[in-house]
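In: Mind looking at a prediction? Sequence and model below.
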Amino acid sequence: MEAPPDWSELPADILRSILELLECPDNLRVAAVCTAWHRASSEAVCRINQFPCLLYCTEAAGPSAVGMYSLLEQRAYTITLPDPPITGRFLIGSSHGWLITADEKSDLVLLNPISGEQVRLPPVTTMEHIKPVMSGDGVLEQYEMSYYHGMFETPEQPTSTHQLDEYRETVYFKAVLSSDPSSAGDCTVMLIHQPYWQLSFAKVGGDTWNWIGTDTDYTDGIHHDGWFYAVNIEGTIDSFYLDGTSIIHKRISYQILTRPTKVVYIAQAPWGDKLLISRRSRTTNHNTEGTFEIVVYKFDPDDKKLIKMTAIGQHVLFIGHNASLCLPVSDHPQLMSSCVYYTDHAVESLSEAHSKKRDMGIYHLESNIVTNIMSPELWMTWLPPLWLTPNTSKTSVMVLFTCNPNPS
């Protein structure tokens, strides 16, 4: 009788080619088969068009694990994360498969939940508006923040003091990355923060944060073709190119949104346009914020104006605390086209609403209705769930990855 094939001896280059075509759950299943396949998985280039999964905390998973819901499989998984426990952190964003988190001293730490890798960013004390407050013994006790911006001179610079772990809950808003920090080449972080929702940049592996005093009230940013793009609440779009130690700034548009809104997002469309997404919410009967309108605009760079879109064809948008995405869905019938998949993204301090129901759902642009992302909703209200585009490249450690019963 002929012996069964030894699949562990499958040529590594062929196996890597297969892995590069797989979505994250299948990739991790392959990595768990044997040592040889795990090694090939760690060396494979992550599939570029991975689809976002919903990352969230659950009571069942405990403080050191997260739930991950695959939209394509409509199935939930549990991923164990390295210390410190994820429930003790604060989430600032997700980008290129990495979470941007703040630790108990409010320093920012990048975490790839799939590989378990962590990378520390420059300390809070190197930020422009922050001064360390030390005890008599020289121990860091608090942060003092000065309130000023670069738009014009402020005759007075009021200050506020924050406990080390309090700072992260009131000052950080969102962060995005220029690239995968585990790959070759420089990776830069753009951070939206208080005072006045301004911008600062830092290089992964660098020593300091660099403040850019160009404008205020920024609510979102992306990185595309070497440039960062940031949008503020009035529709002003600024672009930034980091050339060594200098930063090139270009203003793309100025105050082109006429309707009041709390959050404006910017996304790069696959067909080449920049999209602005306006999201409006109101207080519900349960005293929580609920999204009731999302409007998508195409930016016209020639006339410097916005063109309202009533639909986005065979595409979907993902917005929230993630780096905003516009993706094609023609090959994924599980997803609903011309929809916006959104998670909670309150401008106000989320720390004031740990126990409140999260503002999440799927907004149908053509019918203006909202449906649930999943049912039942498995997530805890803290930490707020967010979209993550999994990054399975360089999975040098074997993550604990378990499949949960189908929630539907």
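Out: Yes, it's here.
In: Can you report how many residues lie near I307?
Out: Residue crowding around I307 was assessed by other CB atoms under 10 Å; the count is 11. For glycine as for every other residue, the C-beta is placed from the backbone atoms N, C-alpha and C.
In: Please list the residues outside stretch 157-174 that contact it.
Out: Counting by CB atoms under 8 Å, 6 or more residues apart in numbering, stretch 157-174 makes contact with 90, 92-93, 102, 104-106, 108, 124, 133, 140-148, 191-194, 197, 218-221, 321, 345, 347, 349-351, all of which sit outside it.
In: ok, now with 6 Å
Out: For stretch 157-174, the surrounding residues in contact (CB atoms under 6 Å, 6 or more residues apart in numbering) are 90, 92-93, 102, 104-106, 142-148, 192-194, 197, 349, 351.
In: start to end distance for it?
Out: In stretch 157-174, first residue to last residue: 24 Å (CA to CA, to the nearest Å).
In: Select the longest strand from the chain.
Out: Among the segments of the chain that qualify as a strand by DSSP state E, the longest is strand 289-300.
In: partner strands of it, parallel or antiparallel?
Out: Strands flanking strand 289-300 in the sheet, each with its direction: strand 274-283 (antiparallel), strand 305-309 (antiparallel) (DSSP bridges).
In: would a markdown table of the ones you listed with mean pLDDT and distance to T58 be doable?
Out: Conversion of the strands paired with strand 289-300 to a markdown table gives the following (pLDDT from 0 to 100; distance: least, CB to CB, whole Å):
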| stretch | mean pLDDT | distance to T58 |
| --- | --- | --- |
| strand 274-283 | 89 | 25 |
| strand 305-309 | 93 | 36 |
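In: and M134, what are its bridge partners?
Out: Listed beta-bridge partners, M134: L140 (assigned using DSSP bridges).
In: Next one: it relative to L164, how far apart?
Out: When CB to CB, to the nearest Å is the yardstick, M134 and L164 sit 12 Å from each other.
In: Ok, H223 next?
Out: Applying CB to CB, the value for H223 to L164 is 30 Å.
In: quick one, which of those two is more surrounded?
Out: Applying other CB under 10 Å to H223 and L164 shows that H223 carries more neighbours, namely 21 against 18.
In: Tell me who's in contact with the more buried one.
Out: For H223, the contacting residues are S178, taking CB under 6 Å, 6+ apart as the criterion.
In: so which strand or helix has it?
Out: Element membership for H223, per DSSP states H and E: strand 218-224.
In: And the next helix or strand past that strand?
Out: Towards the C-terminus, the helix or strand next in line after strand 218-224, according to DSSP H and E, is strand 227-232.
In: between that next one and strand 289-300, what angle do the directions make?
Out: With axes from the mean of the first three to the mean of the last three CA atoms, to 10 degrees as the criterion, the two stretches strand 227-232 and strand 289-300 enclose an angle of 130 degrees.
In: confidence score at I212?
Out: In this prediction, I212 carries a pLDDT score of 91.
In: so the residue nearest to it when sequence neighbours are not counted bridges to which residues?
Out: Among residues not flanking I212 along the chain, L199 sits closest, at 4.6 Å (CB to CB, 6 or more residues apart in numbering). Taking DSSP bridges as the rule, L199 bridges to I192, I212.
In: Could you tell me how many residues sit around Q255?
Out: Taking other CB under 10 Å as the criterion, the count of residues near Q255 is 11.
In: Look up how far V204 lies from the nearest residue to it once chain neighbours are set aside.
Out: What sits nearest to Q255 in space, not counting adjacent residues and going by CB to CB, 6+ apart, is E234, at 4.3 Å. Distance, E234 to V204, by CB to CB: 31 Å.
In: same thing with I247?
Out: 16 Å.
In: Repeat that for S338.
Out: When CB to CB is the yardstick, S338 and V204 sit 36 Å from each other.
In: where does the stretch 151-300 of the chain dip in pLDDT?
Out: Across the stretch 151-300 of the chain, the ranges flagged by pLDDT under 70 are 152-156, 184, 260, 284-288.
In: Show me the helices in this protein, by range?
Out: Shown for the chain, the helices assigned by DSSP state H span residues 12-19, 24-31, 35-43, 167-171.
In: Show me how far the shortest one is from its chain's centre.
Out: If I follow you right, that is helix 167-171. For helix 167-171, the distance from its own C-alpha centre to the chain's C-alpha centre is 17 Å (CA atoms, centre = their mean, to the nearest Å).
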